[in-house]
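[1] Mind folding the following:
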Amino acid sequence: MNSFDREGAEQASEPAQSAVRESPPGPQKRDLIAGLEKGLSVIAAFDQDRPRLTMSEVAALCGLTRAAARRYLITLEYLGFVTSERKMYALTPKVLRLGQSYMHSARLPRIVQPELHKLAYSMKEASAAGVLDDADVICIAATSAGRVVSSTLQPGTRVPAYCTANGRVLLSSMQQAEVDAWIARQTLAPLTPNTITNGERLRIEIARARAQGYAAVDQELELGLRTISVPLKSYRGDVLAAMNISVHAARVSMDQLVNDCLPALLQAQANLRTVL
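    Residues are numbered from 1 along each chain as shown. The predicted structure follows:
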C-alpha cells in the first residue's frame, strides 16, 4: 500500500462524530400527499432492466397491495403515462414530459451546457455533467463533439456512482460518515474486470478524489471507456454537480487523460463557478 492509500484508509476510518453533518428537518407526515408519492414510485419502477411489468410486479416493487397497484396503473394509463397489453404494463413517451420540464426550466443544465460544448469541441472529446441521485449519477447535460464513446453520455441517462468519475467526485464532497453509510447500502457489482468492488478500496478512491480535486476512472463502467471528472461548485463552494471528459481507451492512455484533459476541465470549472 502506498502512502496515499495508507492516508486514505486512515481518513476513511476517522470517528463518525467528527464527520456528522446535521440534516435539515423533514416535512410533517400530514403535509405529504401519499398518493402522489406512490404514483411517482410506480413510474420509477420501470427502467432499462424492467421495461415491462405485470400488476403484481409493480405491487411488489413499490410496496403496494395488488388492488392499489391496479388503481395506480389504471389512473396512469387513463392519463396517458402508461400503456398495457396482455396484462403487461409499460411507460409511454408522455413520461418524457416530466424530464423535459426539468431540462427546460432548471438553471443548472442551461448554464452548464454552453461550457460543455466549448470544452468538448476544444478537446475533440465527449463531455457530460451529472448530479447524484442516491446510488446513481443522472446526466443533466452532454455533448459528444462527434466522439461517440458511450451510450450513457446523454441527458437523462443513469449510471452507478461507485464506478464512475462523476460519481466519485460527487461522493467525495460528502462527509466521511455519509460516504461510509452510502457504501454500506450499495451492491458493488463487477461491471467489467476493472470495476472496484471492495468497499475499502472504494473509500480510498473517494478519499483520493477529495484530496486531488478530481477523479479518473479506467474502464470500470464499460470496457474501452476512460473518464476524468471535476466537481462544479457554486461561488459559495457548494458542490452542485460534476463535469467529465470521456475518451476511448484505445486512443488515450490514463496519463494522457490527466495531462491533456484536466487543465481544460479545471478552466471550465473556474468559468462556471462565477455563474453558479
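[2] any weak-confidence spans in the protein?
    1-25, 148 (pLDDT under 70).
[3] Extract the CA atoms of the lengthiest helix in it and return them as PDB.
    For the chain, the longest helix by residue count, based on DSSP state H, is helix 107-123. Taking C-alpha atoms only, helix 107-123 is exported to PDB below (Å, rounded to 0.1, in the frame of the first residue of the first chain):
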ATOM      1  CA  ARG A 107     -31.000  26.700 -14.200                       C
ATOM      2  CA  LEU A 108     -28.100  24.300 -13.900                       C
ATOM      3  CA  PRO A 109     -28.300  22.400 -17.200                       C
ATOM      4  CA  ARG A 110     -28.800  25.700 -19.100                       C
ATOM      5  CA  ILE A 111     -25.700  27.200 -17.600                       C
ATOM      6  CA  VAL A 112     -23.500  24.100 -17.900                       C
ATOM      7  CA  GLN A 113     -24.400  23.200 -21.500                       C
ATOM      8  CA  PRO A 114     -22.500  26.000 -23.300                       C
ATOM      9  CA  GLU A 115     -19.400  25.400 -21.200                       C
ATOM     10  CA  LEU A 116     -19.600  21.600 -22.000                       C
ATOM     11  CA  HIS A 117     -19.900  22.500 -25.700                       C
ATOM     12  CA  LYS A 118     -16.800  24.600 -25.600                       C
ATOM     13  CA  LEU A 119     -14.900  22.000 -23.600                       C
ATOM     14  CA  ALA A 120     -15.900  19.100 -25.900                       C
ATOM     15  CA  TYR A 121     -15.100  20.900 -29.100                       C
ATOM     16  CA  SER A 122     -11.800  22.300 -27.900                       C
ATOM     17  CA  MET A 123     -10.600  18.800 -26.700                       C
END
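[4] For it, which helices and strands make contact with it?
    In this structure, helix 107-123 packs against strand 126-133, strand 136-143, strand 239-248, helix 262-273, with contacts taken as 3 or more CB pairs under 8 Å, 6 or more residues apart in numbering; DSSP states H and E. Where C-beta positions appear, they are placed from N, C-alpha and C, glycine not excepted.
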